[in-house]
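Asks: structure for the following, please:
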Amino acid sequence: MINYLILFYIISFLIGTIIGSFLNVCIYRISKEQSIAYPPSHCPSCNSRLKVFELVPILSYLLLKGKCRYCNDKISFKYPIIEFFTGIIFLSLAMKYGISVNFFKYSVLLSILVVISFIDIETMNIYFSVTLTGIVFGVIFLIIQGSLENYTIKDYSYYLFGAIIPSAIIALIILITKGMGWGDVEICFISGIFLGVKLSMVMILASFILGSIISIILISFKVKGRKDYIAFGPFIALGTLFAIFLGDRIILWYLSLI
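Replies: Numbering: from 1, shown residues only. Reported below is the predicted structural model:
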């Protein structure tokens, strides 16, 4: 007898790796201001068009031993890592939320944040085209969820303020210290409109804590200097990930202390 739950988990992971492969394309091309649709997938070194079997997530990297079969140039290990990580994200969401609006909306949110994070790490830039896409999807899912669950104005406001409050916090920090970028405001707005007020507060707090810890580690090991700019976008993404999977528990724990 088929265990449909296990099958759903396996399919979720596999779809996640496929999405991860597409995210690799987005990260590479958007950072170079190229179209993500054209030309078809090709080796960036020799421009040879890739065959279908060369595009299989994770497996193709292993079969090709991390090298292009045409020019023998090395393929970045980043690609299978992102594919596997995205697969794990989809699997984890499937296990937590099952087949639900939350599963689909958080899959979209975290996929967008993966793109933003890696571009931010590599280029120190956050592209408005990507953040705008995130905001549009956030509004779409809010409308869908609102229609299914009969949201009131109060419910819609909850998600609107979930976007505004953390964005305002980051904007205030920028105005006072000039230590962050305005792209971080956009990322907070994206996450907040998906999360709502309570989870967005967990997100922003976790972002600062994780950012502080990792920055201290990077400076301690001299990977970064004290005056070097450290991209904050990935920390907002990690804070969002933390809020999605552990936010409810953190909120319940906090309320138990009051």
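Asks: any weak-confidence spans in the protein?
Replies: Across the chain, the ranges flagged by pLDDT under 70 are 1-2.
Asks: if we use 90, what do you get?
Replies: Along the chain, segments meeting pLDDT under 90 span 1-5, 33, 35-55, 63-66, 68-73, 75, 177-181, 219-230, 254-258.
Asks: all helices of it, in order?
Replies: Secondary structure of the chain (DSSP state H): helices at 4-31, 59-63, 78-97, 101-123, 128-149, 153-177, 182-195, 197-220, 233-257.
Asks: columns mean neighbour count on top of those, output as TSV?
Replies: Where you see a C-beta, it was placed from the backbone N, CA and C, and this is true even at glycine. What follows is the helices of the chain, written out as TSV (neighbours: other Cβ atoms under 10 Å):
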stretch	mean neighbour count
helix 4-31	18
helix 59-63	15
helix 78-97	20
helix 101-123	21
helix 128-149	15
helix 153-177	16
helix 182-195	25
helix 197-220	18
helix 233-257	18
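Asks: which among these is found nearest to residue 227?
Replies: Distance to residue 227, taken as Cβ to Cβ, is lowest for helix 197-220 among the helices of the chain, at 10.0 Å.
Asks: just checking, what packs against the closest one?
Replies: Secondary-structure packing of helix 197-220 (3 or more Cβ pairs under 8 Å, 6 or more residues apart in numbering; DSSP states H and E): helix 153-177, helix 182-195, helix 233-257.
Asks: need those in TSV (columns: distance to residue 100).
Replies: Below are the helices and strands packed on helix 197-220 laid out as TSV (distance: least, Cβ to Cβ, whole Å):
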stretch	distance to residue 100
helix 153-177	17
helix 182-195	14
helix 233-257	13
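Asks: residue contacts, residue 199?
Replies: 162, 243-244, 247-248, 251 (Cβ atoms under 8 Å, 6 or more residues apart in numbering).
Asks: 6 Å instead?
Replies: 243, 247 (Cβ atoms under 6 Å, 6 or more residues apart in numbering).
Asks: from residue 179, how far out is it?
Replies: 25 Å (Cβ to Cβ, to the nearest Å).
Asks: how far away is the closest residue in space to residue 90 that isn't next to it in sequence from residue 185?
Replies: For residue 90, ignoring the flanking residues on the chain, the nearest one in space by Cβ to Cβ, 6 or more residues apart in numbering is residue 16 at 2.9 Å. Counting by Cβ to Cβ, the separation of residue 16 from residue 185 is 28 Å.
Asks: hmm, back to that, save the helices of the chain as TSV, and put in distance to residue 38 too.
Replies: Shown next, in TSV, are these (distance: least, Cβ to Cβ, whole Å):
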stretch	distance to residue 38
helix 4-31	10
helix 59-63	21
helix 78-97	20
helix 101-123	18
helix 128-149	16
helix 153-177	33
helix 182-195	26
helix 197-220	35
helix 233-257	27
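Asks: quick one: which of those helices is nearest residue 53?
Replies: That would be helix 59-63 among these, by Cβ to Cβ, at 6.5 Å.
Asks: gap between that closest one and the chain center?
Replies: Relative to its chain's centre, helix 59-63 lies at 24 Å (Cα atoms, centre = their mean, to the nearest Å).
Asks: quick one on the thing from earlier: of all the helices and strands packed on helix 197-220, which one is nearest residue 130?
Replies: Nearest to residue 130, of all the helices and strands packed on helix 197-220, is helix 182-195, at 8.9 Å by Cβ to Cβ.
Asks: same for the closest one, what does it pack against?
Replies: With contacts taken as 3 or more Cβ pairs under 6 Å, 6 or more residues apart in numbering; DSSP states H and E, helix 182-195 sits against helix 128-149, helix 153-177, helix 233-257.
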